[in-house]
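A.B. asks: Test case, fold it:
(chains A, B, C and D)
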Protein chains: 2
Amino acid sequence: MANLDVKKISNFFKTLSHPTRVLITLELLQEKRCVTDIGELVNLPQPNISQHLAILKAGGIVDWTQQGKTKCYFLKDPQLIENLFKIFK
Amino acid sequence: MANLDVKKISNFFKTLSHPTRVLITLELLQEKRCVTDIGELVNLPQPNISQHLAILKAGGIVDWTQQGKTKCYFLKDPQLIENLFKIFK
DNA sequence: TTAACATATTCGAATATTTTAATATCTTAG
DNA sequence: CTAAGATATTAAAATATTCGAATATGTTAA
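C.D. replies: Okay, here's the model as predicted:
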């Protein structure tokens, strides 16, 4: 454990330090979703959701693909996220 | 995963969203340590370390015992922390 | 090309976190 | 009890985050 990158890890945690972002991440564990769908699940104004998605993207937790006129977000490493949240069960 | 407490989890992550607190947490994974020792390992002013320790305590990650005139901090759930950081290896 | 739908960006105000400096409290040896 | 070592608290300044409002950009169907 001594050789872990402390800054990288704390940034990872910071990315997930907001309830909305945890909620979105948990949703994406179920399946890939577009912004509108995420908006309905999370029930917040669209720009706010885009802001949180941008933070999750910058934190390396999600990525997206364009599908028609919608953007679909997905977890970059679902296994890691799965393992992460398993800890809290 | 659907029934996880999103607020509790995001608070947990927020507690670990600072490099100093991650570093302290990793140190405590090795062994229980008093504030002065932590100060030497982390190399920051003592009041700052006490502040971070207070945040870790409030976040439920550490606790302490009084040992003579020193306070010794330890992880409340070392197994959980161990599992958590194992994810990043 | 334009309209309409989908998503992103920008900015400012409000709020929260971090850091530093100063000081306070706690604990025990003497 | 007092002094000294160990740790905590407080306040203030600096910085970062969050949210809402307004607006901009991207995409496709027609």
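A.B. asks: Which of the helices or strands spans the residue nearest the centre of chain A?
C.D. replies: Geometric centre of chain A, nearest residue: residue A:25, 3.8 Å, by C-alpha atoms, centre = their mean. Here residue A:25 sits within helix A:19-30, counting by DSSP states H and E.
A.B. asks: And the contacts of that helix?
C.D. replies: A:15-16, A:33, A:38, A:41-42, A:44, A:48-49, A:52-53, A:55-56, A:61-62, A:73-75, A:78, A:81-82, A:85, B:1-2, B:4, B:6-7, B:9-10, B:13 (C-beta atoms under 8 Å, 6 or more residues apart in numbering or on different chains). The C-beta positions use only the backbone N, C-alpha and C, and glycine is treated the same way.
A.B. asks: After it, which helix or strand is next? Please name it.
C.D. replies: Immediately after helix A:19-30, counting by DSSP H and E, sits strand A:33-34.
A.B. asks: Following element in sequence after that next one, please.
C.D. replies: Counting by DSSP H and E, the next helix or strand C-terminal to strand A:33-34 is helix A:35-42.
A.B. asks: on contacts alone, who are the packing partners of that next one?
C.D. replies: Under the contact definition 3 or more C-beta pairs under 8 Å, 6 or more residues apart in numbering or on different chains; DSSP states H and E, helix A:35-42 sits against helix A:19-30, helix A:46-58, strand A:70-75.
A.B. asks: Give me the buried positions along it.
C.D. replies: Neighbour counts over helix A:35-42 (16 or more other C-beta atoms under 10 Å in any protein chain shown) mark A:38-39, A:42 as buried.
A.B. asks: next one: stretch A:71-89
C.D. replies: For stretch A:71-89, a neighbour-count test (16+ other C-beta under 10 Å) marks A:72-73, A:75, A:81, A:84-85 as buried.
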